[in-house]
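**Q** can you look at this prediction? I've put the sequence above it.
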Amino acid sequence: MEATQSAQHLKVNLKFAGKACRRCQMPLELAADATICSGCNGEHHRQCWDGAGGCATAGCMHAPLARLETPAVRQLMPGMMHCRNCRNEIADSAMVCPLCGVITSPDGIYHGPKVNAPGAVAALVYGIVGLLFCGVIFGPVAISKANTAKRAIASNPTYGGGGLATAGLVLGIIDLIAFFVFVIARMGAQ
């Protein structure tokens, strides 16, 4: 019989034969290697004690400390990275996360190519046409298209054309003002 501070290591005798191991619940066999916990007197197979690093009885002072499970880290495929916002896997060449729309560059500024926002060019065209013909119709259309383009630019960093949208907005307002000035001048001339 060998004794340590936390347990007694012994061969199973008639006193312990047939008792269930606290860890695996299998019976202890006569003359097998066993370990008796000095804290709670719990019987263990020697390999069960050694494999777990201590007593299997919950709350026993010789029970092993609870281990924190580390989440399995999945290796990224080559050419992939994690989005810093949604943590989904995206191509490392992506300048904007296709799933959540966050800019992926370290400085948070979009450095890629831009396209004109939907409605930016149309706002400018309707604004110009409204100066020449029927501003009361084309002016509000230009204002509407400009506002749609500005909202798209604000929500998606790949859109440009803010200057076109602003010009279309200003021309749409001028169209309306010019129309009303023309109407008032015509009424005053009568």
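**A** Right, received. Where do you want to start?
**Q** who are the contact partners of Val136?
**A** 175-176, 179 (CB atoms under 8 Å, 6 or more residues apart in numbering). Using the backbone N, CA and C atoms, a C-beta is placed for each residue, glycine as well.
**Q** any idea which helix or strand carries it?
**A** helix 135-155 (DSSP states H and E).
**Q** go on, Ile36?
**A** With DSSP H and E as criterion, Ile36 is part of strand 33-37.
**Q** what about Gly168, distance to Gly127?
**A** To Gly127, Gly168 is 4 Å away according to CB to CB, to the nearest Å.
**Q** looking at those two, which has the bigger crowd around it?
**A** Neighbour totals were compared for Gly168 and Gly127, and Gly168 leads with 31 against 27 (other CB atoms under 10 Å).
**Q** wait, the more buried one sits on Ala146?
**A** Yes - the pair Gly168 / Ala146 is scored as a contact, 4.2 Å apart, by CB atoms under 8 Å.
**Q** please enumerate the shared neighbours of these two.
**A** Contacts common to Gly168 and Ala146, judged by CB under 8 Å, 6+ apart, are 120, 123, 127.
**Q** excluding its backbone neighbours, what's nearest the first one?
**A** Put plainly, it is Ala120. Leaving aside its sequence neighbours, Ala120 sits nearest to Gly161 (CB to CB, 6 or more residues apart in numbering; 3.3 Å).
**Q** who's in contact with the one you found?
**A** 114-117, 120-121, 149, 153.
**Q** sorry, back to before: after the strand holding Ile36, next one along is what?
**A** strand 43-45.
**Q** averaged pLDDT, that following strand. What do you get?
**A** Mean pLDDT, strand 43-45: 90.
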